[in-house]
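Novice: Sequence isn't available, so here's the structure alone:
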């Protein structure tokens, strides 16, 4: 009702403008000039309506930065506690033709990884060092992975950057000197994206590499953490990720306690950053435990099925 | 766990589960403790150990670098990894696919980290004469093996840089024709005295390559032409070789009878089922699976149905418990 009143009120205030518009009409239809005046008036109308609406809603204006990501009860948007991770699920051996493959889920984020190799180097020009294996990685997102269908699933700047990040992270743990004159290809594809795809990809790639029997000095695991509503949050989902706060992605070698990946896409004070990073590291260790369990179970299954 | 891509009904699911549980209980208890994953530390019971494949020394602690089973032989500790590419040993019988004909050599793909090389000089010529390979031989290399041919050979040596040399100095090695190639995980194949099998009742040759390539093909008689040639003088030799080429032409004309083809498919399907279930593949187990399918009166295509998978798992559990009792 109020809204209607406002519009009526506004229209009366704009009698002058109406005259301006139709004056032109009366004095003769001059084509272009008429449409220009029409447009000017319309713009004015729109602006006014918006202004009024905002003044009515008053202090309840919708602003992302002030959105509540942690409720007073200490629960996040999806019902988790700030230091709680999403549910993990992994499956080994999902691609039959690959040397090693794995599927990794973190909540609604779902990633599939396939490893081919070590095999003969396909493009000899790419081989820089002859006595180390060449590691290659390709990251892509399925067209159906996000809410609105993607047009070009790979080849954009973001995928190239993530491919590089995954390649460097995995290269740090693969013992490439044991496989001279060969190459290892890692293919990761995001099937469902809900924040933390980078970490999920790295975890899936680790599982796939271990499944392929490629010697590694440690299992790299990765997890993200953020800082919103002055609370450090573990394992951000898409909503929290797009809130504009800091997002720290950490990749560690859990038994060596070494960091192989650290990315942050906002600014944080040092003391807060330390807390956030600590949280992410603990998340990584929890994931490492889960991955270890999966691998041990898988190896055991293979061994007893094979028989002595 | 590696899941089978099968649609099992409830009873089949339970039967498969119980069969697998039986298999798990049958496997030796000591092995269960020696399963390691990447970065697990390996307990050392004695001083002065030798660290083998898949291990890494980290500040005095022995750490695994692959997932597998710890094997201890005297002072040597190594990890037998399960799912990985083929690891060659000298004398292994392997099957490979020719991917390139290069100068004086063929490049073969055999599920190894690199392509293996088979030198022209390290294989017998088709006419069976021992002599120096000439430029003419080199030009005629494609008449022996061309791209995409399947070749059975023996590992001659593997070098430090990972390259692999093959040889085929026997009539039983060479090109494989009229059959099916199956690829399984190399860890399912064990090194045996015998890798060539002639199944007389089916008229089939079965070659279990150490690299996980398994050949099921029509039986061809191996003629040791070299021995024959040595007894004849040179004039007869030419006549002989002409006759041989005639024979080969004749063979190309004839086709494999339907019954043999069916037998090939049946054996191939048995291998497929066994490899999908992850059971180790030997001649005996393959034949047992084939016989099981015959006694059940199953068609060849029915062997890939879920019921047969359950049956094979159950019979495998039965077989292993019997062998265990015998011991």
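Specialist: Alright, I've got the coordinates. Keep in mind the model is a prediction, meaning the values are calculated, not measured. Residues are numbered from 1 along each chain as shown, chains lettered A, B, ... in the order given.

Novice: residues in contact with residue B:190?
Specialist: Applying C-beta atoms under 8 Å, 6 or more residues apart in numbering or on different chains to residue B:190 gives the contacts B:280, B:282. For the C-beta atoms, the positions are set from N, CA and C on the backbone; glycine is no exception.

Novice: now it: how far from residue B:291?
Specialist: Using C-beta to C-beta, to the nearest Å, residue B:190 is found at 21 Å from residue B:291.

Novice: Over to residue B:117?
Specialist: 40 Å.

Novice: For those two, indicate the residue with more neighbours.
Specialist: Neighbour count, other C-beta atoms under 10 Å in any protein chain shown: between residue B:117 and residue B:291, residue B:117 has more, with 18 against 12.

Novice: Excluding chain neighbours, what is closest to that one?
Specialist: residue B:105 (4.9 Å; C-beta to C-beta, 6 or more residues apart in numbering or on different chains).

Novice: Assess the claim that the one you found and residue B:116 are in contact.
Specialist: No. The criterion here is C-beta atoms under 8 Å, and residue B:105 misses it with residue B:116 at 9.8 Å.

Novice: okay, those two: which has more neighbours?
Specialist: Applying other C-beta under 10 Å to residue B:105 and residue B:116 shows that residue B:116 carries more neighbours, namely 26 against 19.

Novice: Now do the contacts for that one.
Specialist: By C-beta under 8 Å, 6+ apart, the neighbours of residue B:116 are B:88, B:94, B:96, B:107, B:108, B:109, B:110, B:163, B:164, B:165, B:166.

Novice: Secondary structure class of the second one, three-state.
Specialist: Classification of residue B:94 by DSSP: H, G, I helix; E, B strand; the rest coil places it in strand.

Novice: Now do it, the pLDDT please.
Specialist: For residue B:94, the pLDDT comes out at 95.

Novice: distance of it from chain A?
Specialist: 16 Å (C-beta to the nearest C-beta, to the nearest Å).

Novice: Check whether that residue really touches residue B:154, as I assumed.
Specialist: Yes. Contact criterion C-beta under 8 Å: residue B:94 and residue B:154 qualify, at 7.3 Å.

Novice: quick one: is the longest helix along chain A near chain B?
Specialist: Using DSSP state H, we find that the single longest helix of chain A is helix A:270-306. Yes. Applying C-beta under 8 Å from any C-beta of the partner chain, one finds helix A:270-306 touching chain B at A:292, A:295-306.

Novice: Report how many residues lie close to residue B:302.
Specialist: Residue B:302: 13 surrounding residues under other C-beta under 10 Å.

Novice: oh, I was asking about residue A:146
Specialist: What residue A:146 shows, counting by other C-beta under 10 Å, is a neighbour count of 15.

Novice: show me the residues around it that make contact.
Specialist: Residues counted as contacts of residue A:146 (C-beta under 8 Å, 6+ apart) are residue A:193.

Novice: Next, it: secondary structure please.
Specialist: coil.

Novice: Let me know the pLDDT of residue B:1.
Specialist: On the pLDDT scale, residue B:1 gets 44.

Novice: Where does the residue lying closest to residue A:136 once chain neighbours are set aside sit: helix, strand or coil?
Specialist: Using C-beta to C-beta, 6+ apart and skipping the chain neighbours, the partner closest in space to residue A:136 is residue A:185 (5.0 Å). Three-state assignment for residue A:185 (three-state DSSP): strand.

Novice: Spell out which parts of the stretch 51-200 of chain A neighbour chain B.
Specialist: A:91-93, A:96, A:99-100, A:117-120, A:131, A:175, A:179-182.

Novice: Would you mind naming what in the stretch 101-250 of chain B lies close to chain A?
Specialist: Residues of the stretch 101-250 of chain B found near chain A (C-beta under 8 Å from any C-beta) are B:109, B:113, B:114, B:115, B:161, B:162, B:163, B:187, B:188.

Novice: rewinding a little: select from the residues of the stretch 51-200 of chain A next to chain B the one having the most neighbours.
Specialist: With neighbours taken as other C-beta under 10 Å, the top of those is residue A:118, carrying 30 neighbours.

Novice: what's the spacing between stretch A:267-285 and its chain's center?
Specialist: Between the centre of stretch A:267-285 and the centre of its chain there are 18 Å (C-alpha atoms, centre = their mean, to the nearest Å).

Novice: Quick one: neighbours of whichever residue of the stretch 101-250 of chain B sits closest to chain A, just the number.
Specialist: Residue nearest to chain A within the stretch 101-250 of chain B: residue B:113 (4.1 Å; C-beta to the nearest C-beta). The local packing of residue B:113 (other C-beta under 10 Å) involves 24 other residues.

Novice: what sits against it?
Specialist: Residue B:113 neighbours (C-beta under 8 Å, 6+ apart): A:117, A:118, A:119, A:120, A:179, A:181, A:182, B:85, B:162.

Novice: 6 Å instead, please
Specialist: Applying C-beta atoms under 6 Å, 6 or more residues apart in numbering or on different chains, we find residue B:113 in contact with A:118, A:179, A:182, B:85, B:162.

Novice: My guess is the second one contacts residue A:133. True?
Specialist: Yes. With contacts counted by C-beta atoms under 6 Å, residue A:179 reaches residue A:133, the gap being 3.9 Å.

Novice: residues shared between the contacts of the two?
Specialist: With C-beta under 6 Å, 6+ apart, residue A:179 and residue A:133 have common neighbours residue A:118.

Novice: and the residue nearest to residue A:107 when sequence neighbours are not counted, how far is that from residue B:194?
Specialist: Once flanking residues are discounted, residue A:107 sits nearest to residue A:86: 3.1 Å by C-beta to C-beta, 6+ apart. Residue A:86 is 53 Å from residue B:194, where distance means C-beta to C-beta.
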